[in-house]
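A.B. asks: after the sequence you'll find the predicted model.
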Number of protein chains: 2
Amino acid sequence: MVRQREFDVDQALEDAMHIFWSKGYEATSLSDLTAGMGIQRPSIYSAFGDKKELFEAALRKYTAAHAAQARSRLLHGESVKEAFRRYFEGIVEESYADPQNRGCFCINTMVEMAPHDEKFEILTREHEMYLGAIFQEAIERGLRSGELHTGVDARSLAQTLVVSLIGLTVMMKARPERSFVDHSVEVILTLIQ
Amino acid sequence: MVRQREFDVDQALEDAMHIFWSKGYEATSLSDLTAGMGIQRPSIYSAFGDKKELFEAALRKYTAAHAAQARSRLLHGESVKEAFRRYFEGIVEESYADPQNRGCFCINTMVEMAPHDEKFEILTREHEMYLGAIFQEAIERGLRSGELHTGVDARSLAQTLVVSLIGLTVMMKARPERSFVDHSVEVILTLIQ
DNA sequence: ATCATAACATACCGATCAGTATATAATGAT
DNA sequence: ATCATTATATACTGATCGGTATGTTATGAT
């Protein structure tokens, strides 16, 4: 009945996600987007709405993937302590390996957008809370199995680990020496006993 | 010999600092600056150089004041543990009390600028390192006085507290529940024994 | 074959961007 | 009083911003 779309909407959104992730919202122009997504301006507007709606869709795609990754890394395997160690060290490793130094898209958005845009304040908060719930689940698994016997409650510990991970991720933007990061990870992991 | 300046350069820089602190670099326009600083465009350029140079001067002013404040809060008083507690709780309190939710100018810059501007990568890293040195000094004071007897070395602990503080400050941007933050502060402070 | 529909590409919109040219006003040395 | 110097205010520059109007092309139902 009608002409069909010539581009893959999901792939275009993925492309947009990487652009916004690299440059943030303000610094990304519509021209950056059309160039990176390989489609023209009206195609963006018809498929995703305006710039901010596209940004929101891109962020949602990111947080969904990011949460799924955290889930799979922390809720499988035998040792919870080892899972957390691998998770934190993995974040550090990926961060050093990224020449663009993008960090976490959700954290970037929290800093850039949350203070003056309630939608993103809520969206980013809920993602971090969800991450905290995943951490808590992992800790409780360790408590049940007898691997862990921590003094503080699982919820508080999980939330503290979220805070620590945010701090670590942000600190990586300034490219600190390896020893700084490695020692910090060690000390943070001592919280998990 | 020549006409003298009609505005206070230091006050104008202070004004610029607050604007950049609120809105970040990209989202701040020259018009925002002229309006907030109460001077005209050519006055900015003649006194401070271009937008990025003004931003750098504003950030340097902020970090100097920020470091001095950390120093005075942590290196005076009897109990080091209490000093850290007051310092962390003060950050949280100020953050909740700020309707603009600006957080820390240096951290904001780390997220927005450091990944693609080496000058700000270095500048922000050095500030965080300096903050770490202040923390370390406080911890070593507590070790000497016998108040503290921590397992990990003072340097690693100090760096971890910097990371935690960054995480806490960034998390505040998403306006989490008080219990989240309070519990996190409690757990973080257990590192200082 | 015709036609309604919608995706496409191009070119445009007014607004705003960072930065500057120009002209005027103030200053102090002479 | 004159003059060089520099701060001031206004108005402008070309470039770019987010967003859209317009005309063309492809599609499938009839």
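C.D. replies: Cool, got the structure.
A.B. asks: let's check: the centremost residue of chain A is which one?
C.D. replies: By CA atoms, centre = their mean, chain A has its centre lying nearest to residue A:104, at 4.4 Å.
A.B. asks: what about dumping the CA coordinates of stretch A:82-91 to CSV?
C.D. replies: Extracted in CSV, the C-alpha atoms of stretch A:82-91 (Å, rounded to 0.1, in the frame of the first residue of the first chain):
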residue,chain,number,x,y,z
GLU,A,82,34.6,-13.4,42.3
ALA,A,83,31.7,-12.2,40.2
PHE,A,84,31.8,-8.7,41.7
ARG,A,85,35.6,-8.7,41.3
ARG,A,86,35.3,-9.6,37.6
TYR,A,87,32.5,-7.1,37.1
PHE,A,88,34.4,-4.2,38.6
GLU,A,89,37.7,-5.1,36.9
GLY,A,90,35.8,-5.6,33.6
ILE,A,91,34.4,-2.0,33.9
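A.B. asks: tell me if it is near chain B.
C.D. replies: No. Judged by CB under 8 Å from any CB of the partner chain, stretch A:82-91 and chain B are separated, with a smallest distance of 11.0 Å. Any C-beta I mention is one placed from the backbone N, CA and C, and that applies to glycine too.
A.B. asks: can you pull the buried residues of that stretch?
C.D. replies: By 16 or more other CB atoms under 10 Å in any protein chain shown, the buried positions in stretch A:82-91 come out as A:83-85, A:87-88, A:91.
A.B. asks: any chance of those residues in a markdown table, plus distance to residue B:74?
C.D. replies: A markdown table is the format used below for these (distance: CB to CB, whole Å):
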| residue | distance to residue B:74 |
| --- | --- |
| A:83 | 35 |
| A:84 | 29 |
| A:85 | 30 |
| A:87 | 31 |
| A:88 | 27 |
| A:91 | 29 |
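A.B. asks: turn the residues you listed into JSON lines, including pLDDT.
C.D. replies: Shown next, in JSON lines, are the buried residues of stretch A:82-91 (pLDDT from 0 to 100):
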{"residue": "A:83", "pLDDT": "98"}
{"residue": "A:84", "pLDDT": "98"}
{"residue": "A:85", "pLDDT": "98"}
{"residue": "A:87", "pLDDT": "98"}
{"residue": "A:88", "pLDDT": "98"}
{"residue": "A:91", "pLDDT": "97"}
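A.B. asks: which ones, among those, also lie beside DNA strand C?
C.D. replies: Counting by CB under 7 Å from any atom of the strand, nothing from the buried residues of stretch A:82-91 sits close to DNA strand C.
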